[in-house]
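Visitor: here is a sequence with its predicted model. Questions after.
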Amino acid sequence: MTEVLFDVTLDHGRCVGVTLPEGDEAIAAMAAERLLPEEREAAAALGPVRRRGWVGGRVAMREALTRIGKTAPPILADDRGAPRLPPGLAGSISHKDHVAVALVAIGEGGKVGVDVEVDRPRAHDIAAKVLRPEELAELGGMATEERARAVLLRFSAKEAVYKALDPYVNRYVGFLEIAVVLNEDGTGEVTPHLREGEGAFAFEVRWMKRAGLIVTTARVTPR
């Protein structure tokens, strides 16, 4: 039986996190219980590590869809590796070793993205790789652990934004092509620094903490 870690309705859709069981056999049992035959076949073609996140993400997404009263045909990957949902639905998946998270939304109002991170500072400082100069300046004066957590939160927010943006630009977007300002109330602002001619977009980003995790969501809409 799937263990739901959290289930929340957010500005960008319904967000569900599920616990991933330990071991390949337990993941196979989860797939057999919750996934459609085509999804199980796709999962079987993956290596054990990728299969774990793939299965967990689809289970979380089906759980989220059920909770908004929707169903979907087999949720396979599109040519960019994102979960493919039918028209009228938008969704995104993220996972860590012990948890998978899915965000689903109804309507044609843009694309959504989700990211999950363990709420624990990383061993190595990634700030210079993921933050623009103005973002680095914002974190000046913070204590070491506080700064590391602030960097991780911004990393997560950018991951969510990139997933929502990818369907429109169809390319890898570097971390320095987006700047984020995150507020204590869980809201945030996004400033894009994309390539010339890639269009105008409206960006939204939100964040929360649940069950020892950072969960960020984003929505990108063409203007």
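Guide: Received the coordinates, thanks. Residues are numbered from 1 along each chain as shown.
Visitor: residue farthest from the centroid of this protein?
Guide: Gly141 (29.5 Å; CA atoms, centre = their mean).
Visitor: helix, strand or coil for that one?
Guide: At Gly141 the chain is in coil, as set by DSSP: H, G, I helix; E, B strand; the rest coil.
Visitor: return the distance of it relative to Ile214.
Guide: The gap separating Gly141 from Ile214 is 22 Å, by CB to CB, to the nearest Å. Any C-beta I mention is one placed from the backbone N, CA and C, and that applies to glycine too.
Visitor: where do the strands sit along this structure?
Guide: Along the chain, the stretches classed as strands by DSSP state E are 4-10, 13-19, 89-96, 99-106, 111-118, 178-182, 187-192, 201-210, 213-222.
Visitor: now this structure, which segments are flagged as low pLDDT?
Guide: By pLDDT under 70, the chain has no low-scoring segment.
Visitor: pull the distance from the longest helix along the chain to the chain's centre.
Guide: Counting residues, the longest helix in the chain under DSSP state H turns out to be helix 144-169. Offset of helix 144-169 from its chain centre (CA atoms, centre = their mean, to the nearest Å): 10 Å.
Visitor: with stretch 68-80 instead?
Guide: The answer for stretch 68-80 is 15 Å, by CA atoms, centre = their mean.
Visitor: rewinding a little: buried set for the longest helix of the chain?
Guide: By 16 or more other CB atoms under 10 Å, the buried positions in helix 144-169 come out as 147-166, 168-169.
Visitor: with stretch 100-111 instead?
Guide: Ala100, Val101, Ala102, Leu103, Val104, Ala105, Gly110, Lys111.
Visitor: residues contacting the second one?
Guide: For Val101, the contacting residues are 15-18, 57, 60, 93-95, 114, 116, 213, 215, by CB atoms under 8 Å, 6 or more residues apart in numbering.
Visitor: beta partners for it?
Guide: Assessed by DSSP bridges, Val101 has beta-bridge partners Gly17, Ser94.
Visitor: and Arg210, how far from Cys15?
Guide: 9 Å.
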